[in-house]
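Trainee: predicted model follows, preceded by the sequence.
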Amino acid sequence: MKERNPWHTPLTIIIAVIGVIAIVALVTIAVLQNKPLIPKYKYGIVLDAGSSHTAMYIYEWPAEKDNNTGRVEQTHCCKVSGSGISDYASDPKLAGESLKACMRDAERFVPSERHEETPLYLGATAGMRLLNIKDSAASDRVFQAVSESLQKSPFSFQGARILSGQEEGAFGWVTVNYLDDRLEQGLETTGALDLGGASTQISFISDSFDGSESPSNYVAFRLYGNDYNLYTHSFLCYGKDQALRMALAHQTQSGPGSIVDPCFNNGYSAVKNYSVLYESPCVSGRKPSSAPQTFTHTGKGNFYECQEVVKSIFNFTECKYSQCSFNGIFQPTLQGTYGAFSAYYFVMKFLNLTDTSVPLQSVKEALARLCATPFDTLKKQHPEVKLKFLNEYCFSGTYIFTLLTEGYNFTSRTFSDIKFIKKIKGSDAGWTLGYMLNLTNMIPAEAPDTPLLPHAGYVSVITVIALVLFVLFILSLRPLWPRCSQKPQIV
Ligand SMILES: O=P(O)(O)OP(=O)(O)OP(=O)(O)OC[C@H]1O[C@@H](n2cnc3c(O)ncnc32)[C@H](O)[C@@H]1O
């Protein structure tokens, strides 16, 4: 004879089975309903048509979060081979052709089902600003050619245009602060220092600046519920290549047949053409009236003398405001930390000076040593470095040092507030990301609403509540529970 278990009645078994099914169904629905979708991405492409070269950046963000909350990241960068589009003024078609290899690259990196909806922008900076000043019809032809080429791509081409210096500075600032998560979290922002080939930008927030003293340097933003009064200025012709032209123009004012340049290493020698040197609008007005066709450019490598040459391209005396950086341009008091990118990074990286805890005096000494190194020794020390760059590091380092200290007024105390950076969390520092975020409305003016609980927390709460309900349900059926009799039932 078997003893009968009082729980093994059909009713309790049915209740238990229904209860378990109900819990499983409830949790399954909660999980499926609220689970983040399998990551699917959307894309945006920006071409940075700079004075020295063009680069293409592909950005991606989670598709279900393009209501302003998803993180935008750079997934790919392609360097267009050849020079910047402004160098194709005499043969604009080639400017369009030059972009084709990177556009084919983009077709591989962006999934084909996303091609048609992916916005594609081309922004040109100081190289095209200068070409536009020199010959606006030629600049139009270059834009026509690159636009025709980009229209043939499968992406949604949104146009090619010149960014103003103010936009370039402001979008660089947005990029740096977006990537550092400072905007969304409303943290103290970082200033942005960008050194290109033809222009340089400085952008930062200063409590002493509300735009009233120099409105042309003022950009107002409202991002994630916070207001920002940004100071920004772009110095056209003060990118590193045009600054070098101005330094050479200063040394060839009398039209000599040769110059001995303290900004180039001893042993460096090259024959240069006067008309090529003076073809840029940054120096064209100063071309000596009588000069031979060419001059011999040799180096003597002296940092202190080089600094004097570099200082000659700045005007430190004129200022109609309460305070200025240089050339009569207003600059409020420096404040906070700074990210310095593009040529700032390339040059300081070569000099092993990206660590700004090194005292300013030591930076000066390192530059003095670099400039004093004979050019042959330098070439032997750095066989991997392109000669075009190696030639110019003494000038470039001295220029950066002078621009930061004498131009922007960084001191031995504030110099350590600068961080020389190339990338932040995998994305390049530069104006392109800020430009795309702006054009795609990816940064909201107001802070987006956040869900009460994260997904995992939500599922846990649902599960616990379901279990409690189930236990209560079982308890409420107590009257139906089989009674345990004292006597064992004999079956
Ligand atoms: O913004 P604009 O002024 O139009 O210029 P760009 O867009 O061409 O400027 P980049 O930031 O690409 O480069 C800035 C400069 O750095 C130079 N550069 C690039 N790589 C370098 C390296 O490894 N060492 C030294 N200089 C480098 C380049 O030739 C430019 O003169």
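Mentor: Now that the structure is in, tell me what you want to look at.

Trainee: contacts and neighbour counts: CA atoms only from here.
Mentor: Will do.

Trainee: which parts of the stretch 1-150 of the chain are strands?
Mentor: 41-49, 54-62, 73-79, 119-124 (DSSP state E, counting those that start in this stretch).

Trainee: reformat these as a markdown table; add distance to Gln251.
Mentor: Output for the strands of the stretch 1-150 of the chain, formatted as a markdown table (distance: least, Cα to Cα, whole Å):
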| stretch | distance to Gln251 |
| --- | --- |
| strand 41-49 | 30 |
| strand 54-62 | 31 |
| strand 73-79 | 34 |
| strand 119-124 | 31 |
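
Trainee: as PDB, could you dump the C-alpha coordinates of the strand or helix carrying Ile462?
Mentor: Secondary structure from DSSP states H and E places Ile462 in helix 455-476. Extracted C-alpha coordinates of helix 455-476, given in PDB (Å, rounded to 0.1, in the frame of the first residue of the first chain):
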ATOM      1  CA  HIS A 455      17.200  47.300 -18.300                       C
ATOM      2  CA  ALA A 456      18.700  44.600 -16.000                       C
ATOM      3  CA  GLY A 457      17.200  46.300 -12.900                       C
ATOM      4  CA  TYR A 458      13.800  46.500 -14.600                       C
ATOM      5  CA  VAL A 459      13.800  42.700 -15.400                       C
ATOM      6  CA  SER A 460      14.800  41.800 -11.900                       C
ATOM      7  CA  VAL A 461      12.100  43.900 -10.400                       C
ATOM      8  CA  ILE A 462       9.500  42.300 -12.700                       C
ATOM      9  CA  THR A 463      10.700  38.800 -11.800                       C
ATOM     10  CA  VAL A 464      10.600  39.500  -8.000                       C
ATOM     11  CA  ILE A 465       7.100  41.000  -8.300                       C
ATOM     12  CA  ALA A 466       5.900  38.000 -10.400                       C
ATOM     13  CA  LEU A 467       7.200  35.500  -7.700                       C
ATOM     14  CA  VAL A 468       5.600  37.400  -4.900                       C
ATOM     15  CA  LEU A 469       2.300  37.500  -6.800                       C
ATOM     16  CA  PHE A 470       2.500  33.800  -7.400                       C
ATOM     17  CA  VAL A 471       3.100  33.000  -3.800                       C
ATOM     18  CA  LEU A 472       0.200  35.200  -2.800                       C
ATOM     19  CA  PHE A 473      -2.000  33.500  -5.300                       C
ATOM     20  CA  ILE A 474      -1.100  30.000  -4.000                       C
ATOM     21  CA  LEU A 475      -1.700  31.300  -0.400                       C
ATOM     22  CA  SER A 476      -5.100  32.700  -1.500                       C
END
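
Trainee: elements contacting that helix?
Mentor: On a contact count with 3 or more Cα pairs under 8 Å, 6 or more residues apart in numbering; DSSP states H and E, helix 455-476 meets helix 10-34.

Trainee: the nearest residue to Phe221 once chain neighbours are set aside and the ligand, how far apart?
Mentor: In space, and not counting its chain neighbours, Phe221 is closest to Tyr228: 5.1 Å by Cα to Cα, 6 or more residues apart in numbering. Applying Cα to the nearest ligand atom, to the nearest Å, the value for Tyr228 to the ligand is 24 Å.

Trainee: what does Asp355 give?
Mentor: With Cα to the nearest ligand atom as the criterion, Asp355 and the ligand are 17 Å apart.

Trainee: now swap in Asp227 and tell me
Mentor: Distance, Asp227 to the ligand, using Cα to the nearest ligand atom: 27 Å.

Trainee: then Pro332?
Mentor: Counting by Cα to the nearest ligand atom, the gap from Pro332 to the ligand is 23 Å.

Trainee: which ones are touching that residue?
Mentor: Ser206, Ser208, Phe209, Tyr231, Gln323, Cys324 (Cα atoms under 8 Å, 6 or more residues apart in numbering).

Trainee: return the backbone torsion pair for the last one.
Mentor: Okay, so that is Cys324. The phi and psi torsions at Cys324 (degrees, to the nearest 10) take the values phi -130, psi 160.

Trainee: so what's the residue count around the closest residue to it other than its chain neighbours?
Mentor: Leaving aside its sequence neighbours, Cys324 sits nearest to Phe330 (Cα to Cα, 6+ apart; 4.2 Å). Residues lying near Phe330 (other Cα atoms under 10 Å) number 22.

Trainee: for the helix or strand harbouring Ile400, what does the pLDDT average out to?
Mentor: If you go by DSSP H and E, Ile400 is part of helix 393-402. Mean pLDDT, helix 393-402: 98.

Trainee: does any bit of it sit next to the ligand?
Mentor: No - Helix 393-402 does not reach the ligand (Cα under 6 Å from any ligand atom); its nearest approach is 7.0 Å.

Trainee: I am finished for the moment; much appreciated.
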